[in-house]
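> here's a sequence, model it:
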Amino acid sequence: MGMVLGVLGSGSGSNMQAILDAIDAGELDARIALVLSDKPDAFILERAKQRGIETGVIDCRGYATRFPDEAQHETAERLKAAGVELVCLAGFLRLVKRPLLDAFPQRILNIHPSLLPAFPGLESWKQALDAGVSETGCTVHFVDEGMDTGPIILQEQVPVMPGDSVESLHARIQVVEHRLYPEAIRIVGR
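Sure thing, here's the model as predicted:
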């Protein structure tokens, strides 16, 4: 049986969908056992439920952006109880710290819409446009304690076109993200 994945997300879950599509197509030998979100109304939870995947909401104690230690401990326990071997962040907007990193050393991946170390943090595609660069891209990396600073697994370039809008550039980056994330999971799972 393939690798057991856990997914943490805050939004629509398009990267999780790409992972599911790769599993369905036989390109990735894995299954998603648990999907957790810090936002009870995030569409990623709905996507998971439609597939019969167990879901849960992370209780961040009312903090808008922080990921409190207690919540990280609880998240780690839930992931371990579900038999998760590799944790995939899919549009998860909180910074993962020690409690969760210690529970899954070098087993937490993130996908980021830039060629790291360039443009860490939020809305990287907008940062790239504002900086006037000719190319950006996306990166799958291991998560460490920094903001988008962990060791890189895969990167791919995406050109910035003349006349690109924030939306058009982001959409092109997402196409690459959806191909790159399952590939990186495959590499890590070998």
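
> from now on I want contacts and neighbour counts done on CA atoms only, so please keep to that.
OK.

> tell me which stretches of this structure form strands.
Ranges of strands in the chain, per DSSP state E, are 3-9, 30-37, 54-57, 86-90, 108-112, 135-142, 152-159.

> ok, which of those comes nearest residue 64?
Comparing the strands of the chain by their distance to residue 64 (C-alpha to C-alpha), the top pick is strand 30-37, with 13.2 Å.

> correct me, but residue 144 touches residue 101?
Yes - at 7.1 Å, residue 144 and residue 101 qualify as touching, with contact defined as C-alpha atoms under 8 Å.

> higher neighbour count, those two?
A direct count of neighbours by other C-alpha atoms under 10 Å for residue 144 and residue 101 places residue 144 higher, at 20 against 17.

> for that one, which non-adjacent residue is closest in space?
Closest residue in space to residue 144, ignoring its immediate chain neighbours: residue 150 at 4.9 Å, by C-alpha to C-alpha, 6 or more residues apart in numbering.

> was I right about residue 170 contacting residue 125?
Yes - Residue 170 lies in contact with residue 125 (C-alpha under 8 Å); the separation is 5.8 Å.

> tell me the mean pLDDT over stretch 35-44?
Mean pLDDT, computed over stretch 35-44, is 98.

> buried by neighbour count: which residues of it qualify?
Within stretch 35-44, the residues that qualify as buried are 35, 36, 37, 38, 39, 42, 43, 44, counting by 16 or more other C-alpha atoms under 10 Å.

> what do you get for stretch 138-154?
Buried residues in stretch 138-154, counted by 16+ other C-alpha under 10 Å: 138, 139, 140, 141, 142, 143, 144, 148, 150, 152, 153, 154.

> list just the nearest of the residues you listed to residue 177.
For those, the minimum distance to residue 177 (C-alpha to C-alpha) is 6.3 Å, reached by residue 138.

> which of the residues in stretch 15-24 are classified as buried?
15, 16, 17, 18, 19, 20, 21, 22, 23.

> okay, and which of the residues you listed map to helices?
Counted as lying in helices by DSSP state H, out of the buried residues of stretch 15-24, are 15, 16, 17, 18, 19, 20, 21, 22, 23.

> give me every residue that touches the last one.
By C-alpha atoms under 8 Å, 6 or more residues apart in numbering, the contact list for residue 23 reads 29, 30, 31.

> quick one, which of the residues you listed are buried?
With burial judged by 16+ other C-alpha under 10 Å, the buried subset of the contacts of residue 23 is 29, 30, 31.
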